[in-house]
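Colleague: Sequence first, predicted coordinates after that:
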Amino acid sequence: MAGAGGSDASFRRALVAGNWKMHHDHLATLHFLRDLGFRLDPADLEVVDVAIHPPFTDLRTAQSVIEDRSLPVDLGAQHCSEHDEGPYTGEVSPAMLARLGVRYVIVGHSERRRLYAMADHTVAATVRAVLRHAMVPILCVGESLEQRQEGGTEDHLRVQLTEALEGLASDVVKGLVVAYEPLWAIGTGQAATPEDAQAACRFVRRVVADMVGDHAAADLRVQYGGSVNADNTAALMAQPDVDGLLVGGASLEAQAFGDIVRSAAACYRSLVAARHR
Ligand code: PGA
């Protein structure tokens, strides 16, 4: 399926992922997925991949519902250990997630970095751990308000990307997802403007191109995240380097999340059609 996408006419499917953070127990997960199943239009899923990232304790339930109902939804996790097993109290192994059918793992979300002191080298090790188990990391990067105001956005993004991806082969990097999530937009109701989101996502792709070449960078999927909702989805998805959305608060209700998927798909489809006209 042709994906929209800038910086070289490429072939990228959109990815709309719901990061539930610490919300919804396994029963709520069951209800959410049943509801979402009725709202997803198979035609939309030809251009958009959909993932949910519930808390760890919900994953087994989510896996069962997705399998039983053949739901076109990928399972995601919000974090994992950089180790496969061992004396790491409270951590969850990437091997265990892979066994549950998890496809995507968010790595280095700003809440992990800020609240749990997740350092760049741990982010890098976790990216590798996720890859070791044939899952797809969604690497989160993004600047604080102070960094943006001081003009340091690009330097910060470059450091975060370099620390996380240095040394990875180009054919590995092209299969990753990077989520650009400016800290000042997360949970604030103040999404980045489509132009700012585009500029940052294009910069992410340029840094990755510097590291692994233009071809791999053109395949990389770059999401925007931070106060995404059904109203701002279309304008964000219309940007050529925005290949998807990482959605927090608005992913908690099946209706709102379904509306975002529908809007993203409609926008993406018309971009693809325009390109082939
Ligand atoms: P938000 O969260 O959509 O609630 O701003 C996004 C995120 O943290 O991934």
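Modeller: Everything's here; your move. On a predicted model such as this, the values are computed, not experimentally measured, just so you know.

Colleague: what about the residue in the stretch 1-150 of the chain that the ligand sits nearest to, how many residues close to it?
Modeller: Distances between the stretch 1-150 of the chain and the ligand by CB to the nearest ligand atom are smallest at Asn19, namely 4.2 Å. All C-beta atoms are positioned from the backbone trio N, CA, C, and that covers glycine. For Asn19, the count of nearby residues is 26 (other CB atoms under 10 Å).

Colleague: My read is that it contacts Ala250, right?
Modeller: No - using CB atoms under 8 Å, Asn19 makes no contact with Ala250, being 10.3 Å away.

Colleague: and the residue of the stretch 1-150 of the chain closest to the ligand, what are its phi and psi?
Modeller: Torsion angles at Asn19 (phi, psi; degrees, to the nearest 10) stand at phi -100, psi 100.

Colleague: residues touching it, list them.
Modeller: Counting by CB atoms under 8 Å, 6 or more residues apart in numbering, Asn19 touches 53, 76, 78, 106, 109, 225, 246-248, 251.

Colleague: Could you pick out the longest helix of this structure?
Modeller: helix 254-276 (DSSP state H).

Colleague: Can you name the residues of the stretch 1-150 of the chain sitting close to the ligand?
Modeller: Residues of the stretch 1-150 of the chain lying close to the ligand (CB under 6 Å from any ligand atom) are Asn19.

Colleague: how about the strands in the stretch 1-150 of the chain?
Modeller: 14-19, 48-53, 74-77, 102-107, 136-141 (DSSP state E, counting those that start in this stretch).

Colleague: The third one packs against which elements?
Modeller: It refers to strand 74-77. strand 48-53, helix 59-68, strand 102-107 (3 or more CB pairs under 8 Å, 6 or more residues apart in numbering; DSSP states H and E).

Colleague: one more time with 6 Å, if that's ok
Modeller: The helices and strands touching strand 74-77, judged by 3 or more CB pairs under 6 Å, 6 or more residues apart in numbering; DSSP states H and E, are strand 48-53, strand 102-107.

Colleague: send the alpha carbons of that strand over as CSV?
Modeller: Taking Å, rounded to 0.1, in the frame of the first residue of the first chain, the C-alpha atoms of strand 74-77 are listed here in CSV:
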residue,chain,number,x,y,z
ASP,A,74,-1.4,-4.5,16.8
LEU,A,75,-0.4,-4.9,20.4
GLY,A,76,2.1,-2.5,21.9
ALA,A,77,3.9,-2.0,25.2
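
Colleague: Name the strands paired with that strand and say parallel or antiparallel.
Modeller: Here strand 74-77 has these sheet partners by DSSP bridges: strand 48-53 (parallel), strand 102-107 (parallel).

Colleague: Below-threshold pLDDT in the stretch 1-150 of the chain: ranges please.
Modeller: Of all residues in the stretch 1-150 of the chain, those with pLDDT under 70 make up the ranges 1-11.
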